[in-house]
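Asks: let me see the structure of the following:
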Amino acid sequence: GQRQDSTQESSADRAQTNNRGRPGKQSTLNKTDFCLDNGVHLRPHDDYYSSLFARQLIYALESFGIHIFPNSRTCFHFDDKLAQKYLLEAVNAPLADTWIFYSIESANAWISTTAFPKVFKLRTGAGSSNVRLVHTPDEAYRLVNVAFSYGFNPVKGYFSDFSTRIRKTHSLNAFFTKLLRAPSVVKDLINKRNIYPPERGYIYFQEFLPGNLYDTRVTVIGNRAFAFIRYNRPGDFRASGSGLIDHRPESIDIRIISEAFRIADSIGSQSLAMDFVYDTEQNPRLLEISYAYVPDAVYDCPGHWDSALNWHQGHVWPQDAILNDIIHKIYRADL
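Replies: Numbers count the residues shown, from 1 in each chain. Here you go, the predicted structure:
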């Protein structure tokens with residue numbers, strides 16, 4: 001079971017309230033300003049051009065003993081489900097059965113002997129983009145033919161998730177705001193579709209685990225685990241990107257919290273978000289991981305667990321937690 005403890009983040013992390021009524025936002029902005037004022041460069045994690053050199057630059061900086069976020073252990077698998085499979089198998093994570101093939105012959109041979117449905121995924125993509133359920137061998141063969149010919153464009157179209165975006169629009173004002181932004185969003189998507197190379201030369205399938213109405217997202221940052229449930233989209237097997245979130249801590253399976261800490265520690269990650277579901281025997285199974293996520297969903301957790309499974313009440317911005325860990329590490333190194 002879980003033990004209760006009133007310990008919280010330091011008062012610096014429970015700073016002023018921003019105009020959304022969420023305490024702590026200003027402290028994140030202050031630390032961001034501090035970084036910018038002191039020559040600490042910040043780049044968006046989904047910028048294509050940055051991704052061309054980010055890993056190489058991180059390795060170079062680490063070789064000089066420079067403290068950095070994300071470090072190589074945290075980000076080398078980012079937006080790369082192929083890397084995630086091999087990494088998670090190496091740390092003995094309870095990964096859902098996953099198959100990757102690098103030739104059309106081996107893929108087709110496997111399809112002819114396996115049972116369906118299976119989940120098809122591209123190496124890249126977040127929020128359930130580039131994920132689909134494959135119901136029949138014929139459908140799988142068609143995907144294989146595309147994967148080993150002209151490939152898949154990894155950038156989703158503007159209308160590919162239209163119903164979910166409309167459902168997540170809770171006011172008329174928000175609807176018109178999105179409508180006004182539509183031209184710039186479409187332009188950005190067109191640019192990305194022209195820039196990103198096609199995904200080809202491999203095919204990725206994962207076992208389909210039926211009966212899951214939700215997944216459990218756990219984000220481990222240092223000695224903190226934040227968790228919430230994401231219910232599936234209506235009429236869909238996918239939970240990521242649904243926006244249907246339950247933050248109640250009593251809804252969380254404590255076994256998943258314990259396993260999430262073990263995985264993050266085995267990887268050596270500074271920050272790691274993990275998506276869990278259950279197999280037919282109600283054992284937690286891991287689907288995928290990422291160091292990048294929507295911070296608001298983490299902040300909305302009413303508290304977090306530590307690695308001893310003690311509960312700490314209070315909202316925490318993940319940016320604050322990450323920066324606190326880095327600052328404390330630098331301080332300890334200077335002692």
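Asks: mind checking the SS state of Phe226?
Replies: Following DSSP: H, G, I helix; E, B strand; the rest coil, we place Phe226 in the strand state.
Asks: distance of it from Tyr49?
Replies: Distance, Phe226 to Tyr49, using CB to CB, to the nearest Å: 31 Å. All C-beta spots, glycine's among them, are computed from the backbone N, C-alpha and C.
Asks: those two: who's more crowded?
Replies: Using other CB atoms under 10 Å as the criterion, Phe226 and Tyr49 rank with Phe226 on top: 29 against 9.
Asks: name the spans of the stretch 1-150 of the chain whose pLDDT lies under the cut-off.
Replies: 1-48, 126-128 (pLDDT under 70).
Asks: the strands in it, which residues?
Replies: Taking DSSP state E, counting those that start in this stretch as the test, the strands found in the stretch 1-150 of the chain are 3-5, 98-101, 118-121, 131-134.
Asks: which neighbouring elements make contact with the last one?
Replies: To tie it back to what came earlier, the one meant is strand 131-134. strand 118-121 (3 or more CB pairs under 8 Å, 6 or more residues apart in numbering; DSSP states H and E).
Asks: still on that earlier bit, out of the strands of the stretch 1-150 of the chain, deepest packed?
Replies: Mean neighbour count (mean count of other CB atoms under 10 Å) peaks for strand 118-121 among those, with a mean of 21.
Asks: which strands or helices does it pack on?
Replies: Using 3+ CB pairs under 8 Å, 6+ apart, the elements in contact with strand 118-121 are strand 131-134, helix 137-147, strand 203-207.
Asks: need the strands of the stretch 1-150 of the chain in JSON lines with distance to Pro183, can you?
Replies: Shown next, in JSON lines, are the strands of the stretch 1-150 of the chain (distance: least, CB to CB, whole Å):
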{"stretch": "strand 3-5", "distance to Pro183": "50"}
{"stretch": "strand 98-101", "distance to Pro183": "38"}
{"stretch": "strand 118-121", "distance to Pro183": "30"}
{"stretch": "strand 131-134", "distance to Pro183": "27"}
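Asks: nearest to Gly268, out of those strands?
Replies: Nearest to Gly268, of all the strands of the stretch 1-150 of the chain, is strand 98-101, at 21.9 Å by CB to CB.
Asks: partners of that closest one in the sheet?
Replies: Sheet pairing of strand 98-101 (DSSP bridges) gives strand 203-207 (antiparallel).
Asks: now do the partner strand against helix 137-147, angle only.
Replies: Here the directions of strand 203-207 and helix 137-147 differ by 150 degrees (axes from the mean of the first three to the mean of the last three CA atoms, to 10 degrees).
Asks: give me the residues contacting strand 203-207.
Replies: Outside strand 203-207, the residues that touch it by CB atoms under 8 Å, 6 or more residues apart in numbering are 81-82, 96-101, 107, 118-123, 134, 140, 143-144, 147-148, 287.
Asks: now that strand: how far from the chain's centre is it?
Replies: Centroid separation between strand 203-207 and its chain, computed with CA atoms, centre = their mean, to the nearest Å, is 18 Å.
Asks: give me the most central residue, this protein.
Replies: When CA atoms, centre = their mean is applied to the chain, the residue found nearest the centroid is Ser290 (3.8 Å).
Asks: so that residue bridges to which residues?
Replies: Ala273.
Asks: my guess is it meets Ser269, correct?
Replies: No - counting by CB atoms under 8 Å, Ser290 stays clear of Ser269, with 10.2 Å between them.
Asks: which ones are touching the residue nearest to the centre of the chain?
Replies: Applying CB under 8 Å, 6+ apart to Ser290 gives the contacts Phe78, Asp79, Ala126, Leu272, Ala273.
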